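Novice: Attaching a predicted model along with its sequence, questions to come.
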Amino acid sequence: MKIFIDTANIDEIKEAFSWGIVDGITTNPSLIKKAIEYYKEKGNDISMEDYIKELLTTAGEGHPVSLEVIGDTEEEMYREGKLLFDKFNGVSKNVVIKIPVNPETSENGTHQFDGLKTIKKLSSEGIPVNCTLIMSPVQALLAAKAGARYVSPFAGRIDDYLRSQNNIPFKKGDYYPADGFIINENILQDHGIISGVHLVKSIVDIFKNYHFKTEVLAASIRNATQVREIAEVGADIATIPFHVLKEMIYHYKTSEGMKKFENDTVEEYREIFK
Ligand code: G3P
């Protein structure tokens with residue numbers, strides 16, 4: 001499974017790349033907002049263009065970086081997607097354009113299919129698209145058919161949705177069982193999907209059935225256990241926040257074992273390293 005880092009914070013990105021485990025970066029307008037606020041607080045002036053170029057160079061060629069459009073019509077998203085690609089792909093040849101599967105904010109609006117139309121147009125011009133805000137397997141199926149290179153199911157947000165729909169209190173980061181949550185003998189579900197991990201698995205299975213080349217990029221990941229479960233169901237990629245990457249490396253028994261090795265090191269052995 002490839003690991004992407006889900007942040008626009010350049011310090012976190014540089015640190016995680018130095019560990020040798022990161023294959024790409026995903027950003028979105030909320031993550032860019034967070035990163036910009038962080039730098040402004042530190043008193044740093046930021047040119048957005050230079051900042052994006054730094055993200056792309058830090059990742060380097062062969063490590064995709066998703067940049068999201070902000071429009072919600074086919075015309076705007078196509079223009080913005082082209083603009084981002086033309087302006088920035090020359091830097092490290094790793095730009096991927098993020099397009100929402102359905103940019104419409106209301107239930108019966110007129111732009112429901114503009115995401116798919118934009119994916120089709122950009123993809124047919126050779127621009128790789130990461131289709132975002134996937135909340136159901138059938139949305140992923142449509143995005144793959146339209147030509148998306150990646151689909152991003154939002155595992156954590158589905159878990160949040162299942163809990164909030166059923167008035168279950170939770171904090172962001174809380175574990176949600178991959179096998180579902182049972183209340184009064186009923187399993188919580190959304191159109192048959194019982195957890196974020198189940199959403200990812202269902203998409204992996206569908207793509208396997210029909211040999212789609214589209215990669216499943218599990219997103220909105222909340223904790224290290226969920227990363228394991230997503231790896232078990234065969235996601236191609238997981239995009240992981242920095243704090244979850246840190247959670248993945250820690251184990252109490254590893255630290256305890258390390259202390260014991262340190263304490264047991266005899267002077268004769270220490271001498272070798274001098
Ligand atoms: O990659 C999508 C991700 O950034 C959304 O995460 O934590 O806002 O649900 P979250």
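Specialist: Received, thanks. Numbers count the residues shown, from 1 in each chain.
Novice: When you work out contacts or count neighbours from here on, use the C-alpha atoms and nothing else.
Specialist: Noted.
Novice: Quick one: name the residues of the stretch 51-200 of the chain near the ligand.
Specialist: 156-157 (C-alpha under 6 Å from any ligand atom).
Novice: How are the helices of the stretch 51-200 of the chain distributed by residue range?
Specialist: Remark: helices assigned in the stretch 51-200 of the chain by DSSP state H, counting those that start in this stretch are 74-92, 114-124, 137-146, 155-165, 196-209.
Novice: Outside of the second one itself, which residues are in contact with it?
Specialist: Helix 114-124 has contacts (C-alpha atoms under 8 Å, 6 or more residues apart in numbering) with 72-74, 77-78, 81-82, 99-103, 128-129, 131, 142-143, 146-149.
Novice: For W19, the count of nearby residues, please.
Specialist: Neighbour count for W19, taken as other C-alpha atoms under 10 Å: 8.
Novice: Quick check: it vs the ligand, distance?
Specialist: According to C-alpha to the nearest ligand atom, to the nearest Å, W19 stands 21 Å off from the ligand.
Novice: What residues does V216 make contact with?
Specialist: Residues in contact with V216 (C-alpha under 8 Å, 6+ apart) are 150-153, 200, 203-204, 235-237.
Novice: Which pLDDT value belongs to R79?
Specialist: Looking at R79, its pLDDT is 98.
Novice: actually E41, not the one I typed
Specialist: Looking at E41, its pLDDT reads 89.
Novice: Which residues are in contact with it?
Specialist: Counting by C-alpha under 8 Å, 6+ apart, E41 has no contacts.
Novice: Could you do V204 as well?
Specialist: Per C-alpha under 8 Å, 6+ apart, neighbours of V204: 216, 233-235.
Novice: Format these as CSV; extra columns: secondary structure.
Specialist: CSV is the format used below for the contacts of V204 (DSSP: H, G, I helix; E, B strand; the rest coil):
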residue, secondary structure
V216, strand
V233, coil
G234, coil
A235, coil
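Novice: Give the PyMOL command for selecting the buried subset of the contacts of helix 114-124.
Specialist: Filtering these down to the buried ones (16 or more other C-alpha atoms under 10 Å) takes a single PyMOL command:
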select buried, resi 72+73+74+77+78+81+82+99+100+101+102+103+128+129+131+143+146+147+148+149
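Novice: Quick check: of the contacts of V216, which lies closest to the ligand?
Specialist: Among the contacts of V216, S152 lies closest to the ligand (C-alpha to the nearest ligand atom), at 7.3 Å.
Novice: Now for the closest one: which residues touch it?
Specialist: Applying C-alpha under 8 Å, 6+ apart to S152 gives the contacts 130-134, 216-219.
Novice: Could you dump these into CSV with pLDDT and distance to D264 added?
Specialist: Listed next are the contacts of S152 as CSV, based on pLDDT from 0 to 100; distance: C-alpha to C-alpha, whole Å:
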residue, pLDDT, distance to D264
N130, 98, 51
C131, 98, 53
T132, 98, 51
L133, 98, 52
I134, 98, 52
V216, 99, 46
L217, 98, 44
A218, 98, 43
A219, 98, 43
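Novice: For A238, see how far away D23 is.
Specialist: From D23 across to A238, the span is 10 Å (C-alpha to C-alpha, to the nearest Å).
Novice: Now list whatever residues contact both of those two.
Specialist: Residues touching both D23 and A238 by C-alpha under 8 Å, 6+ apart: 2-4.
Novice: The lowest-mean-pLDDT helix or strand in the chain: how far from the chain's middle?
Specialist: Here the helix or strand of the chain ranked lowest by mean pLDDT, DSSP states H and E is helix 29-41, holding a mean of 89. With C-alpha atoms, centre = their mean, to the nearest Å as the basis, helix 29-41 stands 17 Å off its chain's centre.
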